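Student: this one's structure only:
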């Protein structure tokens with residue numbers, strides 16, 4: 001694997017070079033972009049090594065390091081739901097935004113933790129979508145991060161003319177949530193209501209195109225995050 005090495009010029013433009021792993025890194029280089037596996041073999045300052053991920057996020061991180069944007073604290077805002085909006089803010093600026101499934105939130109946060117080593121991270125999450133929110137909080141606490149719950153009333157904007165899509169409103173809500181100080185929370189007790197269990201059963205019916213409905217016991221396990229809907233359907237079908 002070849003590494004990308006980036007230097008800053010006086011005009012704040014970037015010079016990007018490609019360097020073979022066997023070659024030494026020149027002294028004028030400001031940032032090294034490489035893979036996670038190869039990063040452990042590079043003799044270079046650890047806080048100047050970036051693990052390649054999505055192209056724009058990688059370039060943004062490189063520019064932040066080169067141009068002196070030293071974030072004292074990073075805040076991750078989460079608008080909870082089946083597909084949460086996520087925003088990462090540093091020094092009040094939005095660094096990156098994401099829209100992923102609920103199950104992908106923690107893997108994403110782990111990646112952010114690797115990208116911004118040794119930076120203080122705080123997670124702020126909206127108060128809605130109780131079951132999904134509670135599962136996400138518990139998973140994030142297991143990562144050793146502090147979590148604040150925010151009253152997200154008024155954080156979701158009205159999308160005006162020419163602006164469409166739930167993704168946009170979820171992301172803007174996440175940015176707004178990240179800017180509001182919330183109350184610190186600990187581990188959440190998850191006990192789904194009868195209505196929440198029924199919703200899971202309805203989802204299983206939709207999932208199977210009306211052919212079956214999983215029983216309440218399996219639906220409750222899905223609602224508590226003990227298994228996915230896929231796993232519950234497979235178990236009900238005897239796979």
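Tutor: That came through, no problem. These numbers come from a predicted model, not from an experiment.

Student: okay, domains of this structure per the record?
Tutor: With domains defined by automatic domain parsing, the chain comprises 3-66, 73-184, 194-236.

Student: ramachandran angles for residue 87?
Tutor: phi -130, psi 140 (degrees, to the nearest 10).

Student: which strand or helix spans the residue minimising distance to the centre of the chain?
Tutor: Geometric centre of the chain, nearest residue: residue 108, 3.8 Å, by Cα atoms, centre = their mean. Element membership of residue 108 [criterion: DSSP states H and E] is helix 105-115.

Student: could you point out which element follows that helix?
Tutor: Downstream of helix 105-115, the first helix or strand assigned by DSSP H and E is strand 120-126.

Student: quick one: whichever helix or strand comes after that following strand to helix 105-115, angle?
Tutor: Downstream of strand 120-126, the first helix or strand assigned by DSSP H and E is helix 130-142. Orientation check (axes from the mean of the first three to the mean of the last three Cα atoms, to 10 degrees): helix 130-142 against helix 105-115 gives 30 degrees.

Student: could you list the low-pLDDT ranges of this structure?
Tutor: Scanning the chain for pLDDT under 70 picks out 1-19, 21, 27-28, 30, 46-47, 53-70, 118, 239.

Student: which residues in it form helices?
Tutor: 36-39, 55-66, 105-115, 130-142, 166-178, 194-207, 216-223, 229-236 (DSSP state H).

Student: got JSON lines for the ones you listed, with distance to residue 73 too?
Tutor: Glycine gets a C-beta too; all of them are placed from N, C-alpha and C. What follows is the helices of the chain, written out as JSON lines (distance: least, Cβ to Cβ, whole Å):
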{"stretch": "helix 36-39", "distance to residue 73": "24"}
{"stretch": "helix 55-66", "distance to residue 73": "14"}
{"stretch": "helix 105-115", "distance to residue 73": "13"}
{"stretch": "helix 130-142", "distance to residue 73": "16"}
{"stretch": "helix 166-178", "distance to residue 73": "11"}
{"stretch": "helix 194-207", "distance to residue 73": "35"}
{"stretch": "helix 216-223", "distance to residue 73": "34"}
{"stretch": "helix 229-236", "distance to residue 73": "37"}
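
Student: so for residue 124, which of these sits nearest?
Tutor: Across these, residue 124 has its closest neighbour in helix 166-178 (5.4 Å, Cβ to Cβ).

Student: helices or strands up against the closest one?
Tutor: Packed against helix 166-178, as judged by 3 or more Cβ pairs under 8 Å, 6 or more residues apart in numbering; DSSP states H and E, are the following elements: strand 73-79, strand 85-90, strand 93-99, strand 120-126.

Student: kindly reformat the ones you listed as TSV and extend each row with mean neighbour count.
Tutor: As requested, those are exported to TSV (neighbours: other Cβ atoms under 10 Å):
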stretch	mean neighbour count
strand 73-79	25
strand 85-90	24
strand 93-99	18
strand 120-126	22
